[in-house]
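Undergrad: Below is the structure, and that's it, no one-letter string:
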């Protein structure tokens, strides 16, 4: 049973205020958002920071909902992913992790690198270009989620791919919202 | 013409489209998982309205939050309004919500004809 204590200590040490692991659906997205909002209200968090955190959370959670079903669930747990929110003195850290098919790694990695290479104005232009000319995907995504996360946070997105097996990689994504300069 | 009157929920906006009373409003939060499905009836309504619009149409957006999938559909709505003569948009944003103000400005740059008026609350 010691692992419960270990897990608890890790959460305390990492200042994690919310961790959810398992199946992701729109209903669960709404619940997680409500919990995080209540938590931020309890801290008396500033409205502008709350909105940014909320924004990034929605894109993150809905990304998982939309894409987690696209891989072979036999080999990795049905729709299983992890979502975490950490609160430090100066920032909120929003992290997600989910399995994706190996053959999507290259494309995803290139997209994220491109987004990170752009400044504020460049991100705005890319956003406008995609919203104007892009089509909604079969999953209902607009292809704007990562750009929006980068814009709302005003910081680079951190990401990583860890191979799970021949077919899958574990995709981790981390967005930081600063509490000091809104 | 039929009236669309949807109550807002925690993930969908309040929507009123009432030609006779000249009420056109989308407000609240918009983060449905399937934004295209949610907004399909709104776009259909606007297609019908476009065939016989009022001389003036003041369309209010008073959004607290919208996800990126909704932003694409909001642009679709604005693109339809762009083709309806006598239309203007009033874009409300909370006084300390710069991101929502900027979102409205970007939308206004993406359509050609519709004038935008910005109001904080």
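TA: It's in. Just so it is clear, the model here is predicted, and its values are computed rather than measured.

Undergrad: and stretch B:83-97, which residues are buried?
TA: B:84, B:87, B:89, B:90, B:91, B:92, B:93, B:94, B:97 (16 or more other C-beta atoms under 10 Å in any protein chain shown). Quick note: C-beta positions are derived from backbone N, CA and C, even for glycine.

Undergrad: ok, which residues in chain A are in contact with chain B?
TA: A:26, A:29-30, A:34, A:47-48, A:51-52, A:54-55, A:58-59, A:62, A:65-66, A:124, A:127-128, A:131-132, A:134, A:136, A:140-142, A:144-145, A:147-148, A:152 (C-beta under 8 Å from any C-beta of the partner chain).

Undergrad: Now do the phi/psi pair for residue 110.
TA: Went with chain A since none was named. Recorded main-chain torsions at residue A:110 are phi -70, psi -40, according to degrees, to the nearest 10.

Undergrad: Quote the end-to-end distance of stretch B:108-119.
TA: For stretch B:108-119, the first-to-last residue distance is 14 Å (C-alpha to C-alpha, to the nearest Å).

Undergrad: could you pull out the helices for chain A?
TA: A:2-13, A:26-42, A:47-67, A:73-76, A:105-117, A:120-133, A:145-153 (DSSP state H).

Undergrad: cool, and chain B?
TA: Under DSSP H, chain B gives helices at B:35-51, B:68-81, B:98-110.

Undergrad: Pick the most buried one from those.
TA: helix B:68-81 (a mean of 21; mean count of other C-beta atoms under 10 Å in any protein chain shown).

Undergrad: What angle do helix A:120-133 and that helix make with each other?
TA: In terms of direction (axes from the mean of the first three to the mean of the last three C-alpha atoms, to 10 degrees), helix B:68-81 departs from helix A:120-133 by 60 degrees.

Undergrad: Show me what helix B:68-81 is packed against.
TA: helix A:120-133, helix A:145-153, strand B:23-30, helix B:35-51, strand B:57-66, strand B:87-93, helix B:98-110 (3 or more C-beta pairs under 8 Å, 6 or more residues apart in numbering or on different chains; DSSP states H and E).
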